[in-house]
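>>> coords below, sequence missing:
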């Protein structure tokens, strides 16, 4: 277990270094009308995840962020039914995003739910909320308005995840 935590911390550190470095690069360059920020962001992810495929890089980055900011029972102090909540996303048929949600309660019981939805016709700009009084950030905006992802409350992490998912939605909407 300690090795798993060390591995997760190492990945989070790598992601943090990557984000800080990309922020410094962006700050050093002047803003121009023809900004190449999207292509630079995708190129950095492809380099980070050692792939030439934008979709694979976006999936890997989104899943790494979901792992880094997953909600754990330990963060849910004084809540009635604390549980671990993990997500894994993948691509199904063209234009379909698949979400695997795993909930583990205090007794160790596991419930798995698999969902899929078409990204065609959806706004690719992902909306999220991180209320100051809670311990979670939620991502909503699908047709039913229900949250489709819940992560540990970390506004910067939620912002980075929303950015990666927005790029992934646009990539999937291309076909």
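Received it, and whenever you're ready, just let me know what you need. All values reported here derive from a predicted model rather than from experimental measurement.
>>> list the contacts of residue 76.
Shown in contact with residue 76 (Cβ atoms under 8 Å, 6 or more residues apart in numbering): 82-83, 135. Glycine gets a C-beta too; all of them are placed from N, C-alpha and C.
>>> let's go with 6 Å and repeat that
By Cβ atoms under 6 Å, 6 or more residues apart in numbering, residue 76 lies in contact with residue 82.
>>> return the set of residues that bridge with residue 91.
Following DSSP bridges, residue 91 is listed with bridge partners residue 97.
>>> can you get me a residue count around it?
18 (other Cβ atoms under 10 Å).
>>> am I right that residue 51 is in a helix?
No - if the criterion is DSSP: H, G, I helix; E, B strand; the rest coil, then residue 51 is coil and not within a helix.
>>> distance of it from residue 174?
Distance of residue 51 to residue 174, given as Cβ to Cβ, to the nearest Å: 17 Å.
>>> more neighbours: which of these two?
residue 51 (15 against 9).
>>> for that one, which non-adjacent residue is spatially closest?
Leaving aside its sequence neighbours, residue 51 sits nearest to residue 57 (Cβ to Cβ, 6 or more residues apart in numbering; 5.3 Å).
>>> so how many other residues sit close to that neighbour?
Should you count by other Cβ under 10 Å, residue 57 turns out to have 25 residues around it.
>>> I figured it hits residue 49, correct?
Yes - using Cβ atoms under 6 Å, residue 57 is in contact with residue 49, at 4.6 Å.
>>> in which helix or strand would I find residue 43?
Element membership for residue 43, per DSSP states H and E: helix 37-48.
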